[in-house]
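A.B. asks: compute the structure for the input listed below.
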Amino acid sequence: MPAALVLSERREAVALLTLNRPDKLNAINVPVIEALDAALDAAEADEAVRAIVVAGAGRAFSAGFDLDMGMGDGKPDPADVRRALENDFRIILRFWDSPKPTIAAVHGYCLGSALELALACDLTVAAEDCRFGEPEVKFGSGIVALLLPWLAGPKAAKYLLLTGEDRATAAEMQAMGLVNRVVPAAALLDEAIALAKRVASNDAQAVRLTKQAINRSLDIGGMRQALLAALETDVVIETNETAESRAFTEILKKDGAKAAIAWRAGRRA
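C.D. replies: Numbers count the residues shown, from 1 in each chain. Now for the predicted structure:
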């Protein structure tokens, strides 16, 4: 039997969900999303669970959205691309909308949509060695869930998104207000579970309604509408070819990501 793509276990009142695709740096694809949906359904339905921690197996939390998801071998079909992006958007926002507090425990790499998923969690604990980023523009891609401007402000968001930064440190992310705690890698899971248990020890209704009130304040400010509008922009980015994007894709398919990114960097020289 193949290993489960998301491992679920109970740590007293805490549900620990672990992304388990380590050979692909826990890249998020359709089967992973389906497994996450099932794990979240179970955790949210279990009255004994009062907080949810999401972590990653192996060398990284997650390298992000699987670039092959729904794209096929040739020119991507717009309907397939839209379905894939909407599915990714939905699973990210499940952590934001969950009636139970969610905590991300991130290590190694936390990139692209994985960063967006960590941002969607209520709290984030990061290992000192973790590297963060949104490298989508390097690949001619867009952002699935544009949470960054709402949580870090436009200057920090533009820095991360327009440069395609993919090596931001945990300390830098904490300074931007995107990480709550930075801890030694060996202590990451223990610290995240301890934080979740601290939240879980409080009155469940008060925690749930306070989370809703905070999120609702952002929705009143227009965040949900803005996220949906940004998703539409991402669909446009992913389905409209340019001469540059065609050339990049050809090199990507033939020689790999490093060669394609080097080609693009060479055009700026």
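A.B. asks: list the buried residues in the longest helix belonging to the chain.
C.D. replies: The residue-count maximum for a helix in the chain (DSSP state H) belongs to helix 78-97. For helix 78-97, a neighbour-count test (16 or more other Cβ atoms under 10 Å) marks 81-82, 84-85, 87-89, 91-96 as buried. For the C-beta atoms, the positions are set from N, CA and C on the backbone; glycine is no exception.
A.B. asks: and A260, what does it touch?
C.D. replies: Shown in contact with A260 (Cβ atoms under 8 Å, 6 or more residues apart in numbering): F139, F248, T249, I251, L252.
A.B. asks: where along this structure do the helices fall?
C.D. replies: Assignment of helices within the chain using DSSP H yields the ranges 30-45, 78-97, 113-120, 148-152, 154-163, 170-175, 188-200, 204-220, 223-239, 243-255, 257-268.
A.B. asks: can you tell me which of those helices is most buried?
C.D. replies: helix 113-120 (a mean of 27; mean count of other Cβ atoms under 10 Å).
A.B. asks: hmm, who's touching it?
C.D. replies: For helix 113-120, using Cβ under 8 Å, 6+ apart, the contacting residues are 26, 28, 54, 61-65, 88, 91-96, 102, 104, 106, 110, 124, 132-134, 143-145, 147-148, 151, 178.
A.B. asks: buried sites along stretch 16-31?
C.D. replies: L16, L17, T18, L19, N20, R21, L25, N26, A27, I28, N29.
A.B. asks: between these, which sits nearest D166?
C.D. replies: The closest of these to D166 turns out to be L25 (Cβ to Cβ; 12.6 Å).
A.B. asks: quick one: the closest one from N87, how far?
C.D. replies: 20 Å (Cβ to Cβ, to the nearest Å).
A.B. asks: repeat for D41
C.D. replies: From D41 to N87 the distance is 16 Å (Cβ to Cβ).
A.B. asks: ok, now D46?
C.D. replies: 24 Å.
A.B. asks: over to A105?
C.D. replies: 24 Å.
A.B. asks: same question, D23
C.D. replies: As judged by Cβ to Cβ, D23 and N87 stand 22 Å apart.
A.B. asks: equivalent analysis for W263, please.
C.D. replies: 31 Å.
A.B. asks: swap in V183?
C.D. replies: As defined by Cβ to Cβ, V183 lies at a distance of 32 Å from N87.
A.B. asks: so how far is stretch 140-159 from its chain's centroid?
C.D. replies: 12 Å (Cα atoms, centre = their mean, to the nearest Å).
A.B. asks: endpoints of it, how far apart?
C.D. replies: End-to-end distance for stretch 140-159: 17 Å, by Cα to Cα, to the nearest Å.
A.B. asks: can you list contacts of that stretch?
C.D. replies: 65, 67, 85, 88-89, 92-93, 96, 113, 116, 119-120, 134, 136, 160-161, 165, 176-178, 218, 223, 226-227, 230-231, 233-234, 236-238, 242, 244-245, 248-249.
A.B. asks: now, the most widely separated pair of the contacts of A260?
C.D. replies: Going by Cβ to Cβ, the pair spanning the contacts of A260 furthest: F139 and I251, at 11.4 Å.
A.B. asks: pLDDT value on W263, please?
C.D. replies: pLDDT, W263: 82.
A.B. asks: doesn't F248 make contact with it?
C.D. replies: Yes - taking contacts as Cβ atoms under 8 Å, W263 lies within contact range of F248: 6.9 Å.
A.B. asks: which residues does A35 contact?
C.D. replies: Taking Cβ under 8 Å, 6+ apart, we find A35 in contact with A4, L5, V6.
A.B. asks: scratch that, K138 is what I was asking about
C.D. replies: With Cβ under 8 Å, 6+ apart, K138 has these contacts: G164, D166, I261, R264.
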